[in-house]
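Participant: Quick one: sequence and predicted model below, then my questions.
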Amino acid sequence: MDDYYFETEMTYDDEHRVEPGDERTAAIETARGWELPYIDDEPLVIDSESASRVGGEELARIGAAPVRCSDGSVRVVLADATPERIAGIREHFSGATDIGVVKASTLVSLLDAASMAVVSSGTDSIATGAAAAAPVWGRSLERVLTAFDTEATRLQELRGKMQELGGEMAARERRVQELEAELQRIRVERLRDQEAADRLRHDLADRNNRLERALSKTQELAAIIQGGHLQ
């Protein structure tokens, strides 16, 4: 059945392109990443019996909702798949229960419907006493706030990783600057060595010129002395 859903999804994608980054695309990517069917394109209704057995608050905590699909089968749907969430579903539902993926906004609506179904059945533990008077929208707000807290934690972790990466980049930049300074020092030393070599060549050439002039004068003096002897 999973292949059927993915084939259907691929056909739907060809006909209805969506911009990357929206919640539908995110849900489809989650489904494919976990090899689960994306079932948000079919009518879904809460399976009241399963919802009452687990409880509205527990469903909200694990971020999953039991639904009855158009073919009559019962699936547990989620929007953000994690190993912990999958384990929670396996713990509260039968191990053979099929899992599907829906958009985040769809899951919020389904969880609201599950809460109302549980309250109507009178089996939810929080539906007794003063808790029974709590409006459903209050629990929805709590889920939204929890989602914000989760995202804030993720952003904090991302910030920490960015700071760590920034520290590594700063260290690399300092190392590059040190290498550039070392290279500049080597270049200066090379220029100084070149200047010293040029001075030595100049001194050697000057000495050679002096020796040549001295030799020439010596030869002239020797010729004069030899000429005097001949006379």
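Facilitator: Looks like it came in fine. Keep in mind that what you see is a predicted model, and the values were worked out from it rather than measured. Numbering: from 1, shown residues only.
Participant: which ones are touching the residue positioned nearest the centre of the chain?
Facilitator: With distances taken as C-alpha atoms, centre = their mean, the residue of the chain nearest its centroid is Leu158 (8.1 Å). Taking C-beta atoms under 8 Å, 6 or more residues apart in numbering, we find Leu158 in contact with no residue. Heads up, the C-betas are built off the backbone N, CA and C, glycines and all.
Participant: Begin at 21 from now on, thanks
Facilitator: Right, with 21 as the first residue, what we last looked at is Leu178.
Participant: Return the distance of the helix or strand hosting it from the chain's centre.
Facilitator: Using DSSP states H and E, Leu178 sits within helix 156-250. Distance of helix 156-250 from its chain centroid, counting by C-alpha atoms, centre = their mean, to the nearest Å, is 36 Å.
Participant: now swap in stretch 120-132 and tell me
Facilitator: Put simply, stretch 120-132 sits 25 Å off its chain's centre (C-alpha atoms, centre = their mean).
Participant: buried stuff in that stretch?
Facilitator: Across stretch 120-132, burial judged by 16 or more other C-beta atoms under 10 Å covers Gly120, Val121, Val122, Lys123, Ala124, Thr126, Leu127, Val128, Leu130, Leu131, Asp132.
Participant: cool, stretch 79-95 as well?
Facilitator: Quick answer for stretch 79-95 (16+ other C-beta under 10 Å): Leu79, Ala80, Ile82, Gly83, Ala84, Ala85, Pro86, Val87, Arg88, Cys89, Arg95.
Participant: so which of those comes closest to Ala191?
Facilitator: Ala191 lies nearest to Gly83 out of those, by C-beta to C-beta, at 39.9 Å.
Participant: ok, now which ones touch that closest one?
Facilitator: Gly83 makes contacts with Leu98, Ala99, Asp100, Arg105, Leu127, as judged by C-beta under 8 Å, 6+ apart.
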